[in-house]
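[1] I need the structure of the sequence given here:
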Amino acid sequence: MKKEIHYKTVTSIKTIGFCLVAIAILFLPTSSFGQVKTSIDSTSIKIGAQVTYKIEVETDTANSVIFPVGQSFMPLEMIEAYKTDTTKQDAKYKLIKKYGLTQFDSGQYTIPKQKVIIAGKQYMTDSLLVTVNEIQVDTTKQNLYDIKPMIAVEKPASNWWIYVLVGLVIAALVGFLIYWFVWRKKPLTEEEQIALLPPYDRAKLALQKLDESNYLIQNNYKDYYSELTFAIRRYLDEKVYDKALESTTDQLITRLEVLSDGSQIELSKEDIKKLETVLKRADLVKFAKSAPDVELAKIDRTVIDQEIDQVKEALPEPTEEEKLLDLEYKKKQERKDFRQKVWVTIAAIVFMLGLTFAAFSYRYGFTYVVDTIFQKDTKQLLEGSWVDSDYGFPPITLSTPEVLKREETPIPDELKDKIKVSSFGFELENKFTIETVTTTFVKSPTDENTPSAEDNLLQAIEANLKAIEAQGGRNIISNKDKFKTPNEAEGVKTTGTLEYPIDDDKEDYVNGQFVILSFANKQVMQQIVITYLKDDIYLDQVVERILDSVELIQKEK
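    This is a model prediction of the structure:
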């Protein structure tokens, strides 16, 4: 089944429902009274010309009078209803109501009897015959031109650029924050700059800072010797013995002697002895609270400076293999830092997206945000550019999410001379269908015993439901109620639920709902048929908006 049951259902509705109505008679019993008179200013007009239809009523001044309203003059179209002209004669009023009528097809047409209500009592006017003549065109004098081609109409301007601009601003802000906190090469602190120096330069800088301190002036020998010995110990820890910082003085000196004896470092015994002397004096200052002379402290500082230079010269030159290993280590660290920045960036983006999603979900609801992200078709249908248009004649005015397209409606041969049908529809496959159908009765019987328009309307609705069932619908539950459009046109609203198949084999069924709006008078039957998925919040709003826009009676000028 290429199209869902919605579409087939409305086709059967047109075929079955309107055939029943065509066979039925919509005229109510009529009578004529002398106090209501009708006339027209011409019985013969040209196509599109106006004929003025006049109703005159004489009644007591205390009586109320209600004249016909809306398109009750079918098959002629009312183009204007003039204001009522009122004159007083003694104790009576003479009321004159005029209507401008026209027709755009040639032929003979009967203006049907009109209902006038006087003091709550119904009176029927006489029917009148009008001939609509064709306009003769002299093709020898009148130029003929081809029909103009269709032109494209620009869609109404939207505010999409605002959303794009806001999105770009947010993306730029997030990108700037990520760059500033993650990728930007940040200025190094003094400690970080010192840490990046080679061990030798770092040791020399430590001695330079020691000279700039006030430890000796303040007789703070403990801190002075602590920093002095830390400079040499850290240098040895990084270049000679990796446990120099945690070893005692004796352990460190012993290790240096072993390395010197093993020719692993070219450091003389004299240099080792000088270093031992300074380290032991530092131990006495730190632990025994000894207070050496200031000049001796300065000499110890010079000794440490010289020993740092001696250790540097004593160290063997790194091999090519060691240089390569050091280079590979640096590259590995760079790759590690790059990967870390990438992961931090991804985590920041995910966090921002999650935070944005949470904020919008809190503001608009989780389902709405998810449907917006995944572009749910029914949500797009609701929030798209709606179209206000008239369909059929007399017109059905609707606001719909898409323009309804004209559709062909099959009419049995025996009814082709009795009715005219125009239909327009739109379908969102398997989810939503709307169709408007207008049936005009060209010929109407005059038998006063025929069923009323209301009876035939109910019969048509029953035929609609049977057509739905015939196309595979099941578990149909319906309810009828009165319906009034915003401009006071009254009709019948049939709502309900059903299950309908979505495949040819009728194996898979979904839950659906339907709304049928039906309107009828003596000459016209109008129906709006909507079927849609159940429990779809967007389609519920679509249907509600459509029903609120329905208009049948044009406003008087």
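[2] from now on I want contacts and neighbour counts done on CA atoms only, so please keep to that.
    Will do.
[3] for the spatially most central residue of the chain, give me the backbone phi and psi.
    When C-alpha atoms, centre = their mean is applied to the chain, the residue found nearest the centroid is Thr372 (4.7 Å). With angles defined as degrees, to the nearest 10, Thr372 sits at phi -70, psi -40.
[4] swap in Met525?
    Main-chain dihedrals, Met525, degrees, to the nearest 10: phi -120, psi 130.
[5] what's across from it in the sheet?
    Beta bridges link Met525 to Thr439, Ala520, judged by DSSP bridges.
[6] please write out the alpha-carbon positions of stretch 400-412 in CSV.
    As requested, the backbone C-alpha atoms of stretch 400-412 are provided in CSV (Å, rounded to 0.1, in the frame of the first residue of the first chain):
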residue,chain,number,x,y,z
THR,A,400,-2.5,24.5,7.0
PRO,A,401,1.2,23.6,7.3
GLU,A,402,1.3,23.0,3.6
VAL,A,403,-0.7,24.1,0.6
LEU,A,404,-3.5,21.6,-0.2
LYS,A,405,-3.3,20.3,-3.7
ARG,A,406,-6.3,19.7,-6.0
GLU,A,407,-7.3,16.1,-6.3
GLU,A,408,-9.6,14.2,-8.7
THR,A,409,-12.7,12.8,-7.2
PRO,A,410,-14.5,9.9,-9.0
ILE,A,411,-18.3,10.6,-9.5
PRO,A,412,-20.7,7.9,-10.6
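[7] return the distance of that stretch from the chain's centre.
    When distances are taken as C-alpha atoms, centre = their mean, to the nearest Å, stretch 400-412 is centred 28 Å away from the chain's centroid.
[8] for that stretch, buried residues please.
    Going by neighbour count (16 or more other C-alpha atoms under 10 Å), the buried part of stretch 400-412 is 400-402, 404, 409, 411.
[9] for the record, mean pLDDT for that stretch?
    For stretch 400-412, mean pLDDT is 86.
[10] same check, this time on stretch 105-116
    On average, stretch 105-116 scores 86.
[11] give me the contact list for it.
    Residues outside stretch 105-116 that contact it (C-alpha atoms under 8 Å, 6 or more residues apart in numbering): 30, 46-47, 65-68, 72-76, 122-134.
[12] rerun at 6 Å
    Residues outside stretch 105-116 that contact it (C-alpha atoms under 6 Å, 6 or more residues apart in numbering): 66-67, 73, 122-134.
[13] in the chain, where is pLDDT below threshold?
    1-34, 136-148, 150-160, 322-323, 443-456, 504-506, 522, 553-557 (pLDDT under 70).
[14] pretty sure Glu80 is in a helix, no?
    No: per DSSP: H, G, I helix; E, B strand; the rest coil, Glu80 lies outside any helix segment and is strand.
[15] show me the contacts for it.
    Counting by C-alpha under 6 Å, 6+ apart, Glu80 touches 99-100.
[16] then Val515?
    Applying C-alpha under 6 Å, 6+ apart to Val515 gives the contacts 494-495, 529-530.
[17] repeat that with 10 Å
    434, 478-480, 493-497, 528-532, 543, 547 (C-alpha atoms under 10 Å, 6 or more residues apart in numbering).
[18] the residue found closest to it once you drop the neighbours it is linked to in the chain - how many residues pack around it?
    Spatial nearest neighbour of Val515, excluding adjacent residues (C-alpha to C-alpha, 6 or more residues apart in numbering): Thr495 at 4.6 Å. By the criterion of other C-alpha atoms under 10 Å, Thr495 has 17 neighbours.
[19] could you confirm Thr495 falls within a strand?
    Yes: using three-state DSSP, the assignment for Thr495 is a strand.
[20] now Asp390: phi and psi?
    Dihedral angles for Asp390 - degrees, to the nearest 10 - are phi -110, psi 140.
[21] what's across from it in the sheet?
    Note on Asp390: beta-bridge partners Thr397, judged by DSSP bridges.
[22] enumerate every residue touching it.
    With C-alpha under 10 Å, 6+ apart, Asp390 has these contacts: 396-399, 404, 550-552.
[23] Val421 now?
    14-15, 18, 392-393, 408-411, 437-441, 524-526.
[24] just the buried residues from those residues, in ChimeraX please.
    Buried members of these, identified by 16+ other C-alpha under 10 Å, are gathered into one ChimeraX selection as follows:
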select :14,15,18,392,393,409,411,437,438,439,440,441,524,525,526
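[25] which of the contacts of Asp390 sits closest to Thr345?
    Ser399 (47.8 Å; C-alpha to C-alpha).
[26] any idea how far the residue in the chain sticking out farthest from the centre lies from Tyr200?
    When distances to the mean C-alpha position of the chain are computed (C-alpha atoms, centre = their mean), the maximum falls on Glu270, with 84.9 Å. Going from Glu270 to Tyr200 by C-alpha to C-alpha, to the nearest Å gives 21 Å.
[27] now swap in Ala244 and tell me
    15 Å.
[28] phi and psi next, for Leu498.
    As for Leu498, its main-chain torsions (degrees, to the nearest 10) stand at phi -160, psi 170.
[29] so it touches Gly473, yeah?
    Yes: at 6.4 Å, Leu498 counts as touching Gly473 under the criterion of C-alpha atoms under 10 Å.
[30] now for those two: what residues contact both?
    Counting by C-alpha under 10 Å, 6+ apart, the residues touching both Leu498 and Gly473 are 509-512.
[31] who does the closest residue to Ile530 other than its chain neighbours form a beta bridge with?
    Of all residues beyond its chain neighbours, the one nearest Ile530 is Ile434 (4.5 Å), with distances taken as C-alpha to C-alpha, 6+ apart. Counting by DSSP bridges, Ile434 is bridged to Phe426, Ile530.
[32] these two touch, right, Ile434 and Leu404?
    Yes: between Ile434 and Leu404 there is a contact at 8.2 Å, judged by C-alpha under 10 Å.
[33] give me the common contacts of these two.
    Residues touching both Ile434 and Leu404 (C-alpha under 10 Å, 6+ apart) are 424-427.
[34] endpoint to endpoint, stretch 531-543 covers what distance?
    Stretch 531-543 has an end-to-end distance of 9 Å (C-alpha to C-alpha).
[35] on that earlier part again, Leu498 and Gly473: which has the busier surroundings?
    Between Leu498 and Gly473, counting by other C-alpha under 10 Å, Gly473 is the more crowded of the two (24 against 21).
[36] from Leu428, how far off is the more buried one?
    Distance from Gly473 to Leu428, by C-alpha to C-alpha: 18 Å.
[37] with Leu252 instead?
    Distance of Leu252 to Leu428, given as C-alpha to C-alpha: 87 Å.
[38] okay, the two: which has more neighbours?
    Neighbours were counted for Leu252 and for Leu428 using other C-alpha under 10 Å; Leu252 has more, 21 against 16.
[39] what strand or helix carries the more buried one?
    Element membership of Leu252 [criterion: DSSP states H and E] is helix 249-261.
[40] show me the contacts for the residue farthest from the centre of the chain.
    Contacts of Glu270 by C-alpha under 10 Å, 6+ apart are Glu276.
[41] and the helix or strand where it lies, what's buried?
    Under the criterion of DSSP H and E, Glu270 resides in helix 269-287. Buried positions in helix 269-287, judged by neighbour count with 16+ other C-alpha under 10 Å: 272, 275-276, 278-279, 281-283, 285-286.
[42] so how far is it off the chain centroid?
    Centroid separation between helix 269-287 and its chain, computed with C-alpha atoms, centre = their mean, is 79 Å.
[43] now do stretch 64-75
    Distance of stretch 64-75 from the chain centroid (C-alpha atoms, centre = their mean) equals 45 Å.
[44] using CSV, list the CA coordinates for stretch 35-45.
    Taking Å, rounded to 0.1, in the frame of the first residue of the first chain, the C-alpha atoms of stretch 35-45 are listed here in CSV:
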residue,chain,number,x,y,z
GLN,A,35,-45.6,40.2,3.8
VAL,A,36,-42.3,38.9,2.4
LYS,A,37,-41.5,39.9,-1.2
THR,A,38,-38.5,39.2,-3.4
SER,A,39,-37.3,40.7,-6.7
ILE,A,40,-34.1,41.0,-8.8
ASP,A,41,-33.1,43.9,-10.9
SER,A,42,-32.4,41.7,-14.0
THR,A,43,-33.2,38.2,-15.0
SER,A,44,-30.4,38.1,-17.6
ILE,A,45,-26.8,39.0,-17.0
